[in-house]
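Participant: I'll drop the sequence and a predicted model, then ask my questions.
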Number of protein chains: 2
Amino acid sequence: MKILIKNALIITCDGRIIKNGYIVITEDIITEVSDGEPPKDVPYDRIMDAGRMMVMPGLVNSHTHTSMTLFRNYGGGLGLEDWLHKKIFPAEKKLRDMDIYHGTMLAAVEMIKSGTTAFADMYLDADQMATAVIDSGLRANICQLPIDPLGTGSSPVRGFYAKWGGGRYPRIKPYVLVHSAYLYGEDQLMLSAETAKELGIGIHTHLLETRSEYLEGIKKYGIDNAMEMEKCGIFDVPVIAAHCVHVTDEDISILKRNNVNVAHNPTSNLKLGSGVAPVHQMMEAGINVCLGTDGTASNNTLDMFEEIKLAAMLQKGINRDARLMTSEQVLQMATLNGAKALGFDYDLGAIRKGAKADIIMIDIDKPHFTPLNDPMEALVYCAHGSDVDTVIADGKILMEKRQLLSLDEEKILQEIDSIAKRVIS
Amino acid sequence: MKILIKNALIITCDGRIIKNGYIVITEDIITEVSDGEPPKDVPYDRIMDAGRMMVMPGLVNSHTHTSMTLFRNYGGGLGLEDWLHKKIFPAEKKLRDMDIYHGTMLAAVEMIKSGTTAFADMYLDADQMATAVIDSGLRANICQLPIDPLGTGSSPVRGFYAKWGGGRYPRIKPYVLVHSAYLYGEDQLMLSAETAKELGIGIHTHLLETRSEYLEGIKKYGIDNAMEMEKCGIFDVPVIAAHCVHVTDEDISILKRNNVNVAHNPTSNLKLGSGVAPVHQMMEAGINVCLGTDGTASNNTLDMFEEIKLAAMLQKGINRDARLMTSEQVLQMATLNGAKALGFDYDLGAIRKGAKADIIMIDIDKPHFTPLNDPMEALVYCAHGSDVDTVIADGKILMEKRQLLSLDEEKILQEIDSIAKRVIS
């Protein structure tokens, strides 16, 4: 399958803007990116005209709990601890059968319709999540516990890795799930690090999301959670550390020297009253900061364009400096930086020759994009998920003119209502 | 004209949720709101089925500069002072002919398509703005200078009031424009207050947007800008004070005892590096706080749903308390509180008997509203302007199934491109 996208205003997200150019996709790979007219007399299976569109890499959601779509808007107005213990954990106990699969499929519909093509997921039944990822055409880093919390002695992540890892499913990347240093003990942290090292994979964790988490860490370990994680070897493998709101200057040094990827979740951090992560300071320190929506129960959507705009303006506002966080920087956070954090062993997250063909096209023929004085600013400050017209992932067209081509949206939405009625009661 | 809206999930924005009810509109007024089925055998000119919709009052944008749509995305990454003096003021000098009219019409298209039915505008040529308001079917508070800055001795606001005020155009409310205490002298402030008192109208102003404005005020007047405005009589008339980011506790008392309406512009304040207004504290003090987008050159859209979500979560995050700013409070800020600030002498901003028929219908048959566990949370945290399906203003249907019925969207958008090319260069 050979696809040509022509007449395109391309934001490559690795430093280039091509005002009028074209992209050739061969199977799952971008094989040409150039300005000007495409060469004639080349046979294409499909020619897509991107006139009045902006073309950019598919967005990468670096921290989410996709099946929590089932709990969307549930437990609003509560702080993180109350929200988890009084609302979310009791509801999660009612999950059964293929609920996680259906929740992930709902998330997949929402992600495709808002331009996300890859994500890092942390939740319960990874087999169901992975099945939904394969069915939806998306790409995901999925983490699982190193040891069964029910005490059977089995290792969920080893089972998951054996089935889905090792290149068997190139769109799935297994990671070890470390919920957090505050919920784990030192033994569990060390076991997690050892498991990841043995399997040759990374770790996805929550880190210093709230002030109370910071204080409890000090109480429990004598040092804060970032230091404890470093001590236990967690940072010896590639890590996605979500939140990092309450990191100290010393923590920032720790994250940098260990090449930890920080997934910034600005909406969730505000909504749960956690605070604002020092993203500008972390980026200045050279840390790879990417973007996530967190779960829809604390957001309450999976629309990465919301995070892009919020991440940009929040750092400007909090640091009282409008020059911080350029549009280019924040677009890279949502694409290239996220792709790096997800840990796939192929090129992903930019429109360039040799990269995987995860591409979205944004319809700019709308009043809120008019006039188009600055395309990059327009993408950051004017675009919404609903402006995404076309989504290509792994070289396959998943959505065109906002119609899903691979999923039955109506059926998926119907399935959810009955599940939600059962678990939210 | 008698319109029935039936099968509606109604958020009245004055304290009620009607799970399944109906609304009757007679000419420009809501004449019935009730749960259950509408009475049979009543002749309606139009019956609208709101199944799978949420119905709420039209949104009120309490502080904007609509024609700045022409400068959308221009001058990104600059602080307020640089942005104004290096980019915006030079571009404004190139405006001519009917540019302001066309800029306002573009804004009208964008506002209707994102659910806004009334706004408070502060900009240059008020005649052009008012003409666009009448042509578009919207409602606006429009302010003008008390004295011609070119020194002709004429009073723009008196001329504007004579033509458009005094009930001649019930959808237009003239106000006196006071740009700010830092740009005005004491004489101008006093003259503005006197003019407003004589005409029996209010004042729309910027107040304490940046820290430097606060400091300059102290330097210029010996007291801060809020105190100076009180001293000059500005607060003796109804006032919309935009921003109020850098208010002291004493300023909050001043605003409260003078019943000043505060227009909070969270996006613009973050994006320009101004900071975060102490909205929670102002609301606790009993001040009427409403919401605005500011101009699109510092936002960069007119989508009030973005301000709703941001206002809610920003206060939670900054104050580290997820319980602050309930969904009901923030929806009222965007409707009823805004309507109060605009100063019309009729009931506006809620779905209740006797109020003006400004109503919007939101299509919730979408993945990001699924499942609908909590309608009010869904409106605040999941809705985007693009979810607005139908807009009724003053009893007239301005948009249905996202098609504008009274404006030629394509023609308006085309007109803009040539203007933008001339003024942005």
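Facilitator: The structure has been received and is ready for your questions.
Participant: where along the stretch 301-425 of chain A do the helices fall?
Facilitator: With DSSP state H, counting those that start in this stretch as the criterion, the stretch 301-425 of chain A has helices at A:304-318, A:327-333, A:336-342, A:375-381, A:409-423.
Participant: what does the fourth one contact?
Facilitator: Pointing back at helix A:375-381 there. Counting by Cβ atoms under 8 Å, 6 or more residues apart in numbering or on different chains, the neighbours of helix A:375-381 from elsewhere in the structure are A:9, A:11, A:17, A:54, A:56, A:308-309, A:312-313, A:327-328, A:330-331, A:362, A:364, A:369, A:372, B:72-73, B:76, B:271, B:299-301. C-beta coordinates here come from the backbone N, C-alpha and C atoms, glycine included.
Participant: which ones are touching A:Gly166?
Facilitator: In this structure, A:Gly166 makes contact with no residue, judged by Cβ under 8 Å, 6+ apart.
Participant: could you report the distance from it to chain B?
Facilitator: Separation of A:Gly166 from chain B (Cβ to the nearest Cβ, to the nearest Å): 33 Å.
Participant: A:Ile201 versus that residue, what's the distance?
Facilitator: 10 Å (Cβ to Cβ, to the nearest Å).
Participant: about what we covered before: is it possible to mark the buried ones in the contacts of helix A:375-381?
Facilitator: A residue is treated as buried here by neighbour count (16 or more other Cβ atoms under 10 Å in any protein chain shown); on that basis the buried members of these are A:9, A:11, A:54, A:56, A:308-309, A:312-313, A:327-328, A:330-331, A:362, A:364, A:369, A:372, B:72-73, B:76, B:271, B:299-301.
Participant: so the closest residue in space to A:Val391 that isn't next to it in sequence bridges to which residues?
Facilitator: The shortest distance from A:Val391 to any non-neighbouring residue, by Cβ to Cβ, 6 or more residues apart in numbering or on different chains, is to A:Met399 (4.2 Å). Using DSSP bridges, the beta-bridge partners of A:Met399 come out as A:Val391, A:Leu404.
Participant: ok, A:Met399 touching A:Met111?
Facilitator: No: proximity of A:Met399 to A:Met111 does not meet the contact threshold set by Cβ atoms under 8 Å, at 10.4 Å.
Participant: what comes up buried for stretch A:218-238?
Facilitator: By neighbour count with 16+ other Cβ under 10 Å, stretch A:218-238 contains the buried residues A:220-221, A:224-230, A:232-235, A:237-238.
Participant: give me the element the nearest residue to A:Leu342 once chain neighbours are set aside is part of.
Facilitator: Nearest residue to A:Leu342, sequence neighbours excluded (Cβ to Cβ, 6+ apart): A:Asn141, at 4.4 Å. With elements taken from DSSP states H and E, the one containing A:Asn141 is strand A:139-144.
Participant: mean confidence for that strand?
Facilitator: Per-residue pLDDT over strand A:139-144 has a mean of 98.
Participant: after it comes which helix or strand?
Facilitator: helix A:156-164.
Participant: alpha carbons of that following helix, as PDB, please.
Facilitator: As requested, C-alpha coordinates have been extracted for helix A:156-164 and formatted as PDB (Å, rounded to 0.1, in the frame of the first residue of the first chain):
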ATOM      1  CA  PRO A 156       1.500 -10.700  35.600                       C
ATOM      2  CA  VAL A 157       4.100  -8.800  33.700                       C
ATOM      3  CA  ARG A 158       6.100 -11.900  32.900                       C
ATOM      4  CA  GLY A 159       2.900 -13.600  31.600                       C
ATOM      5  CA  PHE A 160       2.000 -10.500  29.600                       C
ATOM      6  CA  TYR A 161       5.500 -10.100  28.200                       C
ATOM      7  CA  ALA A 162       5.500 -13.800  27.100                       C
ATOM      8  CA  LYS A 163       2.300 -13.300  25.200                       C
ATOM      9  CA  TRP A 164       2.600  -9.800  23.800                       C
END
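Participant: so how far is it off the chain centroid?
Facilitator: In this view, helix A:156-164 has its centroid 21 Å away from the chain centroid, taken as Cα atoms, centre = their mean, to the nearest Å.
Participant: state the mean pLDDT of that helix.
Facilitator: On average, the pLDDT along helix A:156-164 is 97.
Participant: could you point out which element follows it?
Facilitator: strand A:172-178.
Participant: for the next helix or strand after that next one, name the packing helices and strands.
Facilitator: Remark: after strand A:172-178, the chain's next helix or strand is helix A:186-199, criterion DSSP H and E. Counting contacts by 3 or more Cβ pairs under 8 Å, 6 or more residues apart in numbering or on different chains; DSSP states H and E, helix A:186-199 packs against helix A:156-164, strand A:172-178, strand A:203-207, helix A:225-231.
Participant: report the helix or strand with the lowest average pLDDT across chain A.
Facilitator: Of the helices and strands making up chain A, the lowest-confidence element is helix A:80-82, at a mean of 80, by mean pLDDT, DSSP states H and E.
Participant: ok, A:Tyr221 - contacts?
Facilitator: The contact partners of A:Tyr221, by Cβ under 8 Å, 6+ apart, come to A:Ala181, A:Glu186, A:Met227, A:Glu228.
Participant: circling back: looking at A:Met399 and A:Met111, which is more packed in?
Facilitator: Ranked by neighbour count (other Cβ atoms under 10 Å in any protein chain shown), A:Met399 and A:Met111 place A:Met111 first, with 32 against 24.
Participant: averaged pLDDT, the strand or helix carrying the more buried one. What do you get?
Facilitator: Taking DSSP H and E as the criterion, the element that holds A:Met111 is helix A:99-113. Helix A:99-113 shows an average pLDDT of 97 in the prediction.
Participant: can I get that helix in PDB, CA atoms only?
Facilitator: Extracted as PDB, the C-alpha positions of helix A:99-113 are listed here (Å, rounded to 0.1, in the frame of the first residue of the first chain):
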ATOM      1  CA  ASP A  99     -15.300  -4.400  30.900                       C
ATOM      2  CA  ILE A 100     -11.700  -3.300  30.500                       C
ATOM      3  CA  TYR A 101     -11.700  -4.200  26.800                       C
ATOM      4  CA  HIS A 102     -14.800  -2.200  26.200                       C
ATOM      5  CA  GLY A 103     -13.500   0.800  28.300                       C
ATOM      6  CA  THR A 104     -10.300   0.700  26.200                       C
ATOM      7  CA  MET A 105     -12.300   0.600  23.000                       C
ATOM      8  CA  LEU A 106     -14.300   3.600  24.000                       C
ATOM      9  CA  ALA A 107     -11.000   5.400  24.800                       C
ATOM     10  CA  ALA A 108      -9.700   4.300  21.400                       C
ATOM     11  CA  VAL A 109     -12.700   5.900  19.600                       C
ATOM     12  CA  GLU A 110     -12.200   9.100  21.600                       C
ATOM     13  CA  MET A 111      -8.400   9.100  21.000                       C
ATOM     14  CA  ILE A 112      -8.600   8.500  17.200                       C
ATOM     15  CA  LYS A 113     -11.300  11.200  17.000                       C
END
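Participant: tilt between that helix and helix A:409-423?
Facilitator: Relative orientation of helix A:99-113 and helix A:409-423, computed by axes from the mean of the first three to the mean of the last three Cα atoms, to 10 degrees: 140 degrees.
Participant: next SSE after helix A:99-113?
Facilitator: Toward the C-terminus, helix A:99-113 is succeeded by strand A:116-122 as the next helix or strand (DSSP H and E).
Participant: which other helices and strands contact that following strand?
Facilitator: By 3+ Cβ pairs under 8 Å, 6+ apart, strand A:116-122 packs against strand A:59-64, helix A:99-113, strand A:139-144, helix A:336-342, strand A:388-393.
Participant: mind checking how far the residue nearest to A:Glu250 when sequence neighbours are not counted is from B:Gly79?
Facilitator: Distance criterion Cβ to Cβ, 6+ apart; nearest residue to A:Glu250, sequence neighbours excluded, is A:Met227 at 7.6 Å. Distance of A:Met227 to B:Gly79, given as Cβ to Cβ: 37 Å.
Participant: got it, and A:Trp164?
Facilitator: Distance, A:Trp164 to B:Gly79, using Cβ to Cβ: 49 Å.
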